[in-house]
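Engineer: Need a 3D model of the following:
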Amino acid sequence: MLNVITLVHGRERQLDNVIRGLEQGSVLPDAFWVVFMNQPARNLHSELFPIHCRVIDDGSHGLPLARARNAVRQCEGEQWVFLDVDCIPGQTLLADYADALRNRPEALHLGEVRYLPSTAQMEGWTHATLARDGVAHPLSQYRGEPGSVLAHHLFWSLNFACTREVFERIGGFDEGYVGYGGEDTDFAFSARRQGVELRTAAALAFHQYHPTWRPPLNHFDAIVTNAQRFYLRWQQWPMEGWLTEFAERGLMRWSRDSLQILRHPTDDEVDACLDRAGSGF
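Structural biologist: Reported below is the predicted structural model:
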C-alpha cells in the first residue's frame, strides 16, 4: 500500500482539499503523513485512513523543505507519494502510482500537474470541475507517455513517488538548501548520479491557485543562496532562466563560475513581477 506525505506551513484550506481528494480516490492511502514546518500540528482526522502529524521546527520563519521531506525516514511505510500541499490528488493518482511502482520499483516516478487558474471553481469542487478548469504547464510537452524516461533536470517535487529503498539510494534531500529553489533539482541530480531513472507517471494532481511572481523576486535571497550551493555541488547553475532575469535587472553579477549580489530588489520591483493574469504558474 502507498503512504502519502505532505509538507505544510499555513495553507489550511489547501490541506483540507488534499485530504478530501485522497478520500475520493479510487485507491486509498495506507496512511497520510503531514509534516508541519515551524508551526504547531493541527488536529486532523479522516474516517477512511489514518492521519499522522509530525512537526519540524528549526527556529526560523522559513521553510525547511528538505528536512521536512526527509522526515519520511521516521515514518512507517515502504512506498511513498510526495504531494505538495497545493496539489489536490486526481481520482486515480494513487492507483496510477501503484502501477508505476509495481512495474518499475527501481525508478523515481514523476506525476503530472495541471494548474487551476484564479477563475477555477473551488467552492464545492468535483473531479469533473478540476479536470475542466485545470491547465497543463508549458513544460508538460516534454513528458511523453506514462512510463517514459525523463531528463532529470525536468524533475519537480510537487507530485512524485518512490520506494523507501530508492529514496535512501538517492540519499534523501540535501538539508543545506533553505527556502525556495534548487533542492528538488539537486535531489534529481543525486538520483542520476546513483543510476536511478526518472520516469513519467499518469498520476495527475491539480495545483490550487496562489499568486506567483515572474521572475520570483519574492524569493530572491533563497534562490541566489541555493543556486550558489548547487553550483558548488554540481559545477553548473540551476534556475538559469531566473538568474538571467535577476542579472538583467542589475541585481547581481553572474558569470560561468561566480555569482555576486549587487543589490536587493525593491518592494516596487517585487510587486511589478506579480502575475496578474491568474494563471497560477
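
Engineer: so what's the residue sitting nearest the centre point of the chain up against?
Structural biologist: In the chain, the centroid-proximal residue (Cα atoms, centre = their mean) is Leu158; its distance is 2.6 Å. Residues near Leu158 by Cβ atoms under 8 Å, 6 or more residues apart in numbering: 83-84, 86-87, 113, 205, 207. (C-beta placed from N, C-alpha, C; glycine too.)

Engineer: Ok, Tyr97 next?
Structural biologist: By Cβ under 8 Å, 6+ apart, the contact list for Tyr97 reads 2, 79, 81, 109, 111, 161, 201, 203.

Engineer: which one of these is nearest Glu168?
Structural biologist: Gln79 (13.2 Å; Cβ to Cβ).

Engineer: Tell me how far that closest one lies from Ala31.
Structural biologist: 11 Å (Cβ to Cβ, to the nearest Å).

Engineer: quick one: contacts of stretch 125-132?
Structural biologist: 17, 24, 88, 90-91, 114, 116, 120-121, 206.

Engineer: So which of those are in helices?
Structural biologist: In helices, judged by DSSP state H, the following of the contacts of stretch 125-132 are found: Asn17.

Engineer: List just the nearest of the contacts of stretch 125-132 to Gly144.
Structural biologist: The closest of the contacts of stretch 125-132, once distances to Gly144 are taken by Cβ to Cβ, is Arg114, at 16.6 Å.

Engineer: what about the nearest residue to the closest one once chain neighbours are set aside, neighbour count?
Structural biologist: Closest residue in space to Arg114, ignoring its immediate chain neighbours: Gly134 at 3.2 Å, by Cβ to Cβ, 6 or more residues apart in numbering. Residues within reach of Gly134, counting by other Cβ atoms under 10 Å, total 21.

Engineer: before we move on, what about Leu251?
Structural biologist: For Leu251, the number of neighbouring residues by other Cβ under 10 Å comes to 20.

Engineer: ok, it - contacts?
Structural biologist: Applying Cβ under 8 Å, 6+ apart, the residues near Leu251 are 220, 261-265.

Engineer: Distance from the chain centre to stretch 119-130, please.
Structural biologist: 22 Å (Cα atoms, centre = their mean, to the nearest Å).

Engineer: do stretch 259-273 as well
Structural biologist: 25 Å.

Engineer: same thing with stretch 195-209?
Structural biologist: Computed by Cα atoms, centre = their mean, the chain-centroid distance of stretch 195-209 equals 10 Å.

Engineer: buried set for it?
Structural biologist: 196, 198-209 (16 or more other Cβ atoms under 10 Å).

Engineer: So which residues of the stretch 101-250 of the chain form helices?
Structural biologist: 127-133, 164-170, 183-193, 220-234, 240-248 (DSSP state H, counting those that start in this stretch).
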